[in-house]
Structures are given as C-alpha cells and as structure tokens.
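J.: This is a predicted model, with the sequence first.
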Amino acid sequence: MKTRSVKSNVTVIGGGLAGVCAAIGAARQGVEVALVQNRPVLGGNSSSEVRVWVCGATAHGSQHFARETGIMGELFVENQFRNPDGNPYYWDLVVLEAVRAEPNIKLFLNTDVREVEVAGPDEARTIRSATGWQMGSETVITFTGDQFIDCSGDGLVGALAGARFRMGREARSEFQESWAPEVPDDNTLGSTILFYSKDAGHPTKFVPPSFARDIVAAGIPEHRVIRADMNGCAFWWIEWGGELDVVHDNERIRDELQAVVCGIWDYIKNSGRFDAENLTLEWIGSVPGKREYRRFVGDYTLTQHDVLGQVLFEDRIGFGGWSIDLHPPGGVYTTERGSRHWHPNGNYHIPLRCLYSINVGNLWMAGRNISASHVAFGSTRVMATCAIEGEAAGVAAAIGACTGLMPRDLGHAAFPRVRNALIRADASLLGTENTDPDDLARVAAVTASSTLRRIAVEEPAGRCRLDAALGMIVPIRPSLAAIEVLVDAAEATALVVEVHDPDLPQNYLPLKLVDRRTVMIEAGERQWVTLAIDWWPAGPQNAFLVFGANQALTLHTAERAVTGVIYFRHRAPEPDEAFAEQFRKWKQVLHRQGLCFRLPELTDIYEAGQVIGGYARPYGGPNMWLSEPLSSDPTPWLRLDWAEPQRVGEISLIFDDDVEEDLINLHHHSTPFDVLPSLVRNYRVEILSGGSWRTVAEVTGNRRRHRTHRLDEPTNASALRLTVTATNGAAEARVVAVRAYGA
C-alpha cells in the first residue's frame, strides 16, 4: 500500500460547486490549496454523474438582477459561451478547467477522506490532518495544513472532527418558525436519481427489469406530472429516502430510485398513453443526488425569519434568493405535492458566522452543511448559493492561513479583512459598498466622454393590451417627475397608474403605495400620454409603477430594453397554490424588450462617478456608468485623476454581464446568445505617468465581467483612462467598476 503526505495552507474536502469555489477562492489569495474529491469528476450534483441544474438566487427568474457574480458567475458565463445547449459533459469540462487554471491548487480526485486527526478538548479542538484513500492508485493520502473546509455535503469531515451538528427537523418552538413541525423529528429531504431519453429515429422497445416499480399501482401518475418530452431535472420529484438515513441507507435508496425510474419509463413506453414509439433511454443516473444531511452549528444559525425578513447582517458574505423549498419526507410515494415554496420578497443575506464551526477552531464549512435551521436550509441548499458560500469560506480560510487568525476572529472583529478581499474578488455581495482602503481609485475624480442622461424608447414594434395590470421597474435618481407612454385608446377612458416603493433596494415588488394618478385619454392611436408623479426619494432607488388593467387601452412596445428597467404582468394565483406569495402574482414579461416610454427630465442614474466605491451590482438602481449610444460617442472613455500621483501595480475592471439574464448550466431554459451583449468586447487601459500616456492593457474579444491587469512593475500614475472601442452588442458602453491597487 502506497502512502503520501500533502501539506497545504488550506485543505478543501468535497469537489462539488461549493468545494470548487472554495478552492479557487483560496488559491487566488495566494495560498497553497489541496482540493479533495471522492468522485472521478468535479461538480457534485451538477456533474454529469447526477445532472442537476445549478439553481441559485435568481429562482428561475422569480428574483431579479440576482445572478451570482464571483467564481460562480464566471462559471455561468463561461458555460454559456462553451455550452449553450447544456451538454452535461461540457459542463464537467468548464468546472475542471477552472480548477486546473489555478496553479496554487493540487487536485485529488477519487480520494475518499475517512479519518480525521484532532487535538484539544471537545469545545476547543482543531484539525491536524485528514486522511483518505485514493481509489485506482491504491494510495493512502494524509492532508495537513492550517485551515480545513468541509464541502463534502454530508459533513463527514466535520463529524469525524467532533464538530457539533444538527440533523432532521427542529421543533417549531426552537426558532419560532411557522414552517417547522410542532414536534422535532429525524426526517430530511430525500435523494433523487434522474434520467434522459432521446428519439432514436426508429421504433424501439423497452423490456422492464423485474425490479421496476408498478407506478400506477403506487398511485404516482395521480399526483405527479409525467410527459414523454420531459428529461432530467423535469423529474426532480423522483425523490425518496427522507424517512430513512440518506447516508447509511444510500444503497437501498439508490436501488429504490432506479426501480422507480424503470417503472416511469415502462409507463411512458408501454402504457399506450404517450407518443413514445421512437424514444429510448439515453442515460440513467447511478449516484443518488442527496439534498440534506448534517448541518453544522456555527456562531449563528440562519432561520426562516432571516430569509423572509432579509436581515442585513454586518458580516454578510453572499446572498440567496431561492424559495424556502421543502419536500415531503415520503417523496415520490406521498400524495402531497412534491414541494411547497415560500419566496422572500427579494434576495436575503448570509453571514460569515454560518460558515465556521462553533467548537472546531480551524473548520470552515460551505454548501448544504452550513449553520442553518432545516427551514432556512430549504433555501440555502441550492448549488449556486452553496458556491458563493464556498468562495467566501475559501477567501476567509486563506486570510486565516496567512495571518494566523481563526475563523471566529474573522467572523467578528477582523471581518473587514474578509469583506475587502471579497469586494476585490468581485464576489457575490449584495448591499456592500466598496470601502476598501487599498483601492486607490476611490480617491480619484472621475470624468467621462459622455453619460446617458435622457431615457427614451420611441420606436414602436408591437403592442401590449392592458387586459391585466402591467408593472414596470424604473430606476430613479434624483426624482421621478413624470413618465410618458405611447398609448392606443379604443374609446375615451382613464389610465390609472400607481407608484410603489419596493421597500428594500434588492426588491422588485410593489410593496408600499406612494402615489396614485389618473389621466383621461381621448380615443385614438399612438398618443403620448404624460403622467405627472413628482416623487423625490431620499436617494437613488427603484420605483415600481403599476398600470391598471383597462381593456380599452393598449401600450406600444419596443424591441430594445433600458438598463435597469423590467416589466411584469399581474396574474391571479392558481386555486391550488396554497402558499402563493406576492411574487407569484407578478410574472416578468417583455424579456429584453420594453414599452415605448420617455422620462421628460434628465437622470443621473448612470453617472460616471459610480464606477469608484459604491456597489458592484444592482441595488436600488443599476449602479453602473452608461455612455451615450455608440452612434454618437463611438469611442467612449472613463478617466480617473488623482490629486497626487499614486503607485499603481494592478488595475481591476468590472463590466456589465447583465445579472438579470438567468443563465443555467443544463436544460431548464436557454439564453439566445453565447456572449452577453452587455459586456464590453474591446478596450484599452492607459495610465498617465511623467506627463505622457502609456498603454498598459489592450484587449479584444472580451467575454468576461471581471478583468484584472497587473503592471510589469508598480508605476507612479496621476491618471488612468479606460477607452471602449466595441461592445458585444449593447448600444452603449457599460462599466460597473474601475479599481486600482498598489500591488
């Protein structure tokens, strides 16, 4: 038997998306990282072995301007370019290449950690090493280092280390959660196995194995949707094992789930109820996709109240937006609905204190094992949210390894170190201003070749009848004095418009009525109608306008959208939607399009000064600079001037990758372009040093949001200039942030 020892600053155990982002996040801080995965591929439940689509804060479009940035965002955007058809194997390659691109990561696949050595008393212990068996090479590998991150999903490493954890469902009385059961129990969400089918182009047969379940006798078709055109995660409800131990009974659960899959396919192929003559099975999973097991106890336990209340934690390191999504323990055999959902009004925050153990001093965790109640876990468990937790844990662990600070130090007094590092990494932070003292750009004066100040879309291309109320988000700065819309009126009638405050900067719902206006309209077509509003909020924010339903009125639509403006249709919830929240009543429409409208007053919502400091994603407005259209400003530029020369060694640029566009890794929905049109494609960066301009970076064909340019050596600069020479399709240049650092 071969043995090997590996010493790293940070050891990440688990190669799902949480582990991948933890490893990359730590490695980019300059430390040595070991990434240990017990499967032959990375990606966990998203990999080609299991094939679950990567869901996150967008909640399949229910939340807005919510797509993750940071490492998870990079994976989404790169996958869209390489893999727009959602090939599971191509997704594996995107994830693998992201890890292999980091020279500070040592990757160990097929390595199952089984032993953990700890030191110290129960309430103040630390991990010294973790030892695993690498299949294939028949090697025992011992990993030592300063910081350990348990991204294993099931939480085996932390459990072996003696970390305190929770299992099952807490009693309602413990956290006063209305969705918790009255009496605690050991039930969890079950596991799932998926399958793919394809058209063989000729008749095929399916002879079911003897173990296939009779799903008609089991009553499954009465309570679940089954169609011949469904594939993969459309069958998310093939779930079982929540009343068992999903780890210790894993083999039994796998066998039962495969029997159910064979029974469903037998029903599709042989019942005579479907047009399935040419369909054949292409793939059946052999690894159950687990949803829930151990949840470690940290310095803070996230609860239902934090998710729905959108609590603004001081130590926030990321955000979620998926609904509280709980499934019946009986899974596929239950007569209940396969899931019930309770969405927050917008994205909520996750604190760093949920990402480290309360009693193991150097143990971080990320993924579905973080410190959360069972109810809150129903939202945090989705993979893109797990991934941003992973990046935060990786960055924090790297800081701890470099400074000697322990997780609890970083979760409290030393948290600004983590926050500034996450800001610099363009991580998924919401409502966190860039106050990093190392960012030299924050003290510069910003000018621009032009700024878009007049918002007007005047080229009609279609019509939208007001047979139901229409909602419209409009970002305002400093005020919303009035809005003009292009209207057809079949008869003399009234247009009623309500103005609502969405309450929080990350919300896109009509939550607080501010004003209600009515304007009379004569019969006629293509009338520009003015609605006086005159709302002066305290600072930049979004307004939610509601155009009341009126069968006599039709609004004109345009083929182009305005940055920061989105539209909704009001609909009544279905009778069986027992847990319908307000978001269900407002469904987004006019994707990448919009109404013909004008704001009579000029706006400052896209002003250039927003590229320094401030927020790096939409929050009470777009928070970015927009130039005038390229037709009038063909080579737009931004310029930063310092009162005194600064020693600049690194320049960081963040472009608009349209976080409203809901990208996904597999097949739930599609996006029609490989590169996001909002991104800058070609640009040049210059610095003014010694009285002359010098080009330090020139890029063509850019398709990324975050670009970092390191100078050959730090240089005294009195000014910096970014010139955009082309976009990937946007009519104007869009820049979220310009940052400069000494090294």
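T.: Nice, I can see it.

J.: Please make it C-alpha for all contacts and neighbour counts, starting now.
T.: OK.

J.: where along the stretch 201-350 of the chain do the strands fall?
T.: 239-240, 279-284, 295-296, 316-320, 324-326, 340-342, 348-351 (DSSP state E, counting those that start in this stretch).

J.: now swap in the stretch 501-650 of the chain and tell me
T.: Using DSSP E, counting those that start in this stretch, the strands of the stretch 501-650 of the chain run over 512-521, 524-535, 541-547, 553-558, 566-570, 586-589, 594-595, 597-598, 625-626, 637-655.

J.: would a markdown table of the ones you listed with mean pLDDT be doable?
T.: A markdown table is the format used below for these (pLDDT from 0 to 100):
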| stretch | mean pLDDT |
| --- | --- |
| strand 512-521 | 96 |
| strand 524-535 | 95 |
| strand 541-547 | 97 |
| strand 553-558 | 98 |
| strand 566-570 | 96 |
| strand 586-589 | 92 |
| strand 594-595 | 98 |
| strand 597-598 | 98 |
| strand 625-626 | 98 |
| strand 637-655 | 98 |
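
J.: Nearest approach to residue 456 belongs to which of those?
T.: strand 597-598 (4.2 Å; C-alpha to C-alpha).

J.: that older thread, right, and the strands of the stretch 501-650 of the chain - which one's nearest residue 40?
T.: Here strand 637-655 is closest among the strands of the stretch 501-650 of the chain (C-alpha to C-alpha), at 34.3 Å.

J.: residues contacting the nearest residue to residue 680 once chain neighbours are set aside?
T.: Distances taken as C-alpha to C-alpha, 6 or more residues apart in numbering place residue 727 nearest to residue 680, at 4.2 Å, with adjacent residues excluded. Counting by C-alpha atoms under 8 Å, 6 or more residues apart in numbering, residue 727 touches 677, 678, 679, 680, 681, 682, 733.

J.: Ok, residue 277 next?
T.: Contacts of residue 277 (C-alpha under 8 Å, 6+ apart): 202, 203, 204, 205, 269.

J.: On the pLDDT front, check it for me.
T.: Residue 277 carries a pLDDT value of 97.

J.: Check the one 10 residues further on too.
T.: Residue-level confidence at residue 287 comes out at 96, pLDDT.

J.: What separation do you get for it and residue 264?
T.: Applying C-alpha to C-alpha, to the nearest Å, the value for residue 287 to residue 264 is 18 Å.

J.: Specify which residue of the two has the higher count of neighbours.
T.: The residue with more neighbours, out of residue 287 and residue 264, is residue 264; 21 against 18, by other C-alpha atoms under 10 Å.

J.: ok, residue 355 touching residue 295?
T.: No: using C-alpha atoms under 8 Å, residue 355 makes no contact with residue 295, being 10.5 Å away.

J.: Show me where the protein dips below the pLDDT cut-off.
T.: 574-584 (pLDDT under 70).

J.: got the domain boundaries for it?
T.: Using automatic domain parsing, the domain parsing of the chain gives 2-170+292-424, 191-284, 440-451+611-741, 456-598.

J.: Switch those over to JSON lines, and while doing so, append distance to residue 605 to every line.
T.: Converted to JSON lines, these look like this (distance: least, C-alpha to C-alpha, whole Å):
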{"stretch": "domain 2-170+292-424", "distance to residue 605": "16"}
{"stretch": "domain 191-284", "distance to residue 605": "40"}
{"stretch": "domain 440-451+611-741", "distance to residue 605": "7"}
{"stretch": "domain 456-598", "distance to residue 605": "5"}
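
J.: Wasn't residue 133 part of a strand?
T.: Yes: per DSSP: H, G, I helix; E, B strand; the rest coil, residue 133 lies within a strand segment.

J.: what sits in contact with each of residue 355 and residue 295?
T.: 370, 371.

J.: Do a quick rundown of the strands in the stretch 351-500 of the chain.
T.: Taking DSSP E, counting those that start in this stretch, the strands of the stretch 351-500 of the chain run over residues 363-365, 445-448, 456-457, 462-465, 470-476, 480-489, 493-501.

J.: Direction included, what does the longest strand belonging to the chain pair up with?
T.: In the chain, with assignment by DSSP state E, the single longest strand is strand 706-727. In the sheet, strand 706-727 lines up against strand 637-655 (antiparallel), strand 680-689 (antiparallel) (DSSP bridges).

J.: After that strand, which helix or strand is next? Please name it.
T.: Next helix or strand after strand 706-727 toward the C-terminus (DSSP states H and E): strand 734-741.

J.: what ranges do the strands span in the stretch 51-200 of the chain?
T.: 105-108, 111-119, 126-134, 139-150, 165-166, 191-192, 195-199.

J.: And the contacts of the fifth one?
T.: Contact partners of strand 165-166, identified using C-alpha under 8 Å, 6+ apart, comprise 159, 294, 295, 296, 297.

J.: Going by neighbour count, list what's buried in stretch 158-176.
T.: For stretch 158-176, the neighbour count (16 or more other C-alpha atoms under 10 Å) marks 158-172, 175 as buried.

J.: and of the strands of the stretch 201-350 of the chain, who's closest to residue 440?
T.: That would be strand 316-320 among those, by C-alpha to C-alpha, at 22.8 Å.

J.: packing partners for the closest one?
T.: Other helices and strands packing on strand 316-320, by 3 or more C-alpha pairs under 8 Å, 6 or more residues apart in numbering; DSSP states H and E, are strand 348-351, helix 383-403.

J.: could you give the angle of it to helix 383-403?
T.: Here strand 316-320 points in a direction 170 degrees away from that of helix 383-403 (axes from the mean of the first three to the mean of the last three C-alpha atoms, to 10 degrees).

J.: of the domains of the chain, which approaches residue 179 most closely?
T.: Ranking these by their distance to residue 179 (criterion: C-alpha to C-alpha) puts domain 2-170+292-424 first, at 6.7 Å.

J.: and residue 188, how far is that from residue 246?
T.: Distance of residue 188 to residue 246, given as C-alpha to C-alpha: 8 Å.

J.: Ok, residue 101 next?
T.: Distance of residue 101 to residue 246, given as C-alpha to C-alpha: 35 Å.

J.: Repeat that for residue 66.
T.: Applying C-alpha to C-alpha to residue 66 and residue 246 gives a distance of 32 Å.

J.: Verify the stated contact: residue 711 with residue 649.
T.: Yes: counting by C-alpha under 8 Å, residue 711 touches residue 649, with 5.2 Å between them.

J.: what about those two, which has more around it?
T.: Using other C-alpha under 10 Å, the more surrounded residue of residue 711 and residue 649 is residue 649, with 18 against 15.

J.: which residues touch the more buried one?
T.: Applying C-alpha under 8 Å, 6+ apart, the residues contacting residue 649 are 710, 711, 712, 713, 714, 715, 740, 741, 742, 743.

J.: Which single one of the residues you listed is nearest to residue 321?
T.: Closest to residue 321, out of all of the contacts of residue 649 and judged by C-alpha to C-alpha, is residue 740, at 31.5 Å.

J.: which residues does the closest one bridge with?
T.: residue 651.

J.: That one: how many residues sit nearby?
T.: Neighbour number of residue 740 under other C-alpha under 10 Å is 24.

J.: again with residue 209
T.: Residue 209 has 11 nearby residues by other C-alpha under 10 Å.

J.: Double-check it against residue 262; I have them as touching.
T.: Yes: using C-alpha under 8 Å, residue 209 makes contact with residue 262 at a distance of 7.4 Å.

J.: end to end, how far does stretch 368-386 reach?
T.: Start-to-end, stretch 368-386 (C-alpha to C-alpha) is 7 Å.

J.: sorry, back to before: for the strands paired with strand 706-727, which one sits closest to residue 375?
T.: strand 637-655 (35.4 Å).

J.: Return the closest one as CSV; C-alpha atoms alone will do.
T.: The C-alpha trace of strand 637-655 is given here as CSV (Å, rounded to 0.1, in the frame of the first residue of the first chain):
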residue,chain,number,x,y,z
TRP,A,637,-13.9,56.7,-22.3
LEU,A,638,-13.7,57.0,-18.5
ARG,A,639,-10.9,58.9,-16.8
LEU,A,640,-9.7,58.8,-13.2
ASP,A,641,-7.5,61.7,-12.0
TRP,A,642,-5.6,61.8,-8.7
ALA,A,643,-4.7,65.0,-6.9
GLU,A,644,-1.3,63.4,-6.1
PRO,A,645,0.4,60.6,-8.1
GLN,A,646,-0.4,57.1,-6.9
ARG,A,647,1.8,54.0,-7.0
VAL,A,648,-0.3,51.7,-9.2
GLY,A,649,0.5,48.0,-9.7
GLU,A,650,-2.8,46.5,-10.6
ILE,A,651,-6.0,47.7,-12.4
SER,A,652,-9.3,45.8,-12.0
LEU,A,653,-12.3,46.4,-14.3
ILE,A,654,-15.8,45.1,-13.8
PHE,A,655,-18.1,45.2,-16.8
